[in-house]
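> Okay, predicted coordinates and the sequence, questions at the end:
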Amino acid sequence: MTETNETLSMPADAQVKRDLPQSIIIPPIQGEMVHLRPATLEDLPRLDELDAFYGASKITGKDAATERSMIHTWVRRSQAWESGLAPAESGVGDPESRRTIAWAVVTDADHDEDGKADAASTDNVIGMIFLIDIDGWSRSARIQIVLGRDYRGRGYSRDAMPRVMTYGFASEPAGLGMHRIWVAVPENNTRSISVYQSLGFVPSGTSRDALWDAENSKYQDLIVMDTLVDEYDPIRSLDAFGMHLIENNPGVQEALAAREHSVALRQNNAAESTSAGVETLRSGDAQDTSAAHAADARKSAADAQKSDGSAETQHEKSRLTAEEESNWPYGQGERKASKEAWWRTLGRGRKRDTESEK
């Protein structure tokens, strides 16, 4: 009886099962320039052929050997989840039982127009993309992509990432049902930061001196960026790169339905605000006459008080104003900019979409 009462007193949130499934079928995902298929152990040597770990310290802040080791681990975890093995049984277990999904990035592009695919020697594999640290309890996951040295800066990541995020955010069973997707980027990797911002990510925090910049022999910050399910717009994120939505991809129909619902809510709220504004104007008109008389009376009283004010009162007012200004660590003209910088450092609140739409 006690157990039943305790269960009933739990918040509705806590009663919902938040465990990830014991096994998963990793779906293929189609893009315009690439397509994604579940990664295999056989794909790992291809990353070495592609020189995919070149410049890792600039891109992720880790040395090439560490990056290579991590990616091998992620692929093993991904295959273990496909096989229905628990994290501890994968050979590369995680005490927090986090899961990973790994896709091989495949293309048949022929940029040099020699009549054969550029990546024919690696079975058209040009890299991998991952959802890592998938946390069922918090409904959070991290996204990362690695591409061969010769396949960077050609738009492949911009084609793949929004489609993986759409799957990650889509409700189960069509997607993973994540609430948050995040990335971690070295502060010097301004190119990736720009791409992530175009995808809808915003800075949410900074780990100071978290990485070693070998090229410049100094520490650098690690920037954490994220986006939430109610902020992410799959159409806008693809439009930013001139890509198109592919409706047969996993999670797309759910994302479109959620988007339509969100647009309808905004339109309804706007209509209610307009209606309330009209009502306020009507009631305001009725009060204009009495308000005008009251304003005149206040002005007369203020003028009388001003003419009777002593020199001592004026001196006290000046002293208080000076003290108020001296307590602020920045100049008067810097207040707005300084507050904005403080806000960027500590992260933004949930209502971030208002700012991004400006």
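All right, it came through fine. Keep in mind that what you see is a predicted model, and the values were worked out from it rather than measured.
> make it CA atoms for all contacts and neighbour counts henceforth
OK.
> Could you say which helix or strand holds Met161?
In this assignment (DSSP states H and E), Met161 forms part of helix 156-169.
> packing partners for that helix?
The helices and strands touching helix 156-169, judged by 3 or more CA pairs under 8 Å, 6 or more residues apart in numbering; DSSP states H and E, are strand 180-186, helix 234-239, helix 252-308.
> Which of those comes out lowest on mean pLDDT?
Note on these: helix 252-308 shows the lowest mean pLDDT, a mean of 66.
> Now do the end-to-end distance for stretch 144-154.
In stretch 144-154, first residue to last residue: 17 Å (CA to CA, to the nearest Å).
> Flag every buried residue along that stretch.
Gln144, Ile145, Val146, Leu147, Gly148, Arg149, Tyr151 (16 or more other CA atoms under 10 Å).
> so what's the third one bridging to?
Pointing back at Val146 there. Val146 forms beta bridges with Met128, as assigned by DSSP bridges.
> So it versus Gly84, what's the distance?
26 Å.
> got it, and the fifth one?
Here the distance between Gly148 and Gly84 works out to 30 Å (CA to CA).
> what's the spacing between stretch 104-118 and its chain's center?
Remark: stretch 104-118 is offset 31 Å from the chain centroid, using CA atoms, centre = their mean, to the nearest Å.
> Same check on stretch 105-119?
Counting by CA atoms, centre = their mean, stretch 105-119 comes out at 32 Å from the chain centroid.
> So what touches that stretch?
For stretch 105-119, contacts defined as CA atoms under 8 Å, 6 or more residues apart in numbering pick out Met33, Val34, His35, Leu36, Arg37, Asn124, Val125, Ile126, Gly127, Met128, Ile129.
> taking these one by one, which sit in strands?
His35, Leu36, Arg37, Val125, Ile126, Gly127, Met128, Ile129 (DSSP state E).
> Quick one: buried ones out of the residues you listed?
For the ones in strands among the contacts of stretch 105-119, buried by 16+ other CA under 10 Å: His35, Leu36, Arg37, Val125, Ile126, Gly127, Met128, Ile129.
> Which one of those is nearest to Asn216?
The shortest gap between Asn216 and any of those belongs to Gly127, at 27.4 Å (CA to CA).
> So what's the residue count around Lys116?
12 (other CA atoms under 10 Å).
> tell me the angle the helix holding Met161 makes with strand 180-186.
Counting by axes from the mean of the first three to the mean of the last three CA atoms, to 10 degrees, helix 156-169 lies at 150 degrees to strand 180-186.
> residues making contact with helix 156-169?
Residues contacting helix 156-169 (CA under 8 Å, 6+ apart): 29, 31-36, 129, 145, 174-181, 195, 199, 229, 234, 237-238, 241, 243, 249-252, 255.
> Just the C-alpha atoms of it, please, in PDB.
Listed next in PDB are the C-alpha coordinates belonging to helix 156-169 (Å, rounded to 0.1, in the frame of the first residue of the first chain):
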ATOM      1  CA  TYR A 156      28.700  17.700 -47.000                       C
ATOM      2  CA  SER A 157      28.200  18.400 -43.300                       C
ATOM      3  CA  ARG A 158      25.600  21.000 -44.100                       C
ATOM      4  CA  ASP A 159      23.600  18.400 -46.000                       C
ATOM      5  CA  ALA A 160      23.900  15.700 -43.400                       C
ATOM      6  CA  MET A 161      23.700  17.400 -40.000                       C
ATOM      7  CA  PRO A 162      20.100  18.900 -40.300                       C
ATOM      8  CA  ARG A 163      18.800  15.600 -41.400                       C
ATOM      9  CA  VAL A 164      20.400  13.700 -38.500                       C
ATOM     10  CA  MET A 165      19.100  16.400 -36.000                       C
ATOM     11  CA  THR A 166      15.500  16.000 -37.500                       C
ATOM     12  CA  TYR A 167      15.700  12.300 -36.700                       C
ATOM     13  CA  GLY A 168      17.100  12.900 -33.300                       C
ATOM     14  CA  PHE A 169      14.400  15.300 -32.300                       C
END
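> pLDDT of that helix, averaged?
Mean per-residue pLDDT for helix 156-169: 96.
> go on, stretch 210-218?
Stretch 210-218 shows a mean pLDDT of 88.
> Enumerate the positions of it that are buried.
Of the residues in stretch 210-218, those buried (16+ other CA under 10 Å) are Leu211, Trp212, Asp213.
> can you give me how far it is from the chain middle?
25 Å.
> quick one, what contacts the closest residue to Gln144 other than its chain neighbours?
The shortest distance from Gln144 to any non-neighbouring residue, by CA to CA, 6 or more residues apart in numbering, is to Phe130 (5.3 Å). Contacts for Phe130 were tallied using CA under 8 Å, 6+ apart; they are Trp74, Thr100, Ile101, Ala102, Trp103, Arg142, Ile143, Gln144, Ile145.
> just checking, the second one touches Ile129?
Okay, so that is Thr100. No - the pair Thr100 / Ile129 is not scored as a contact, 10.6 Å apart, by CA atoms under 8 Å.
> Stretch 92-100: end-to-end distance?
Using CA to CA, the end-to-end distance of stretch 92-100 comes to 11 Å.
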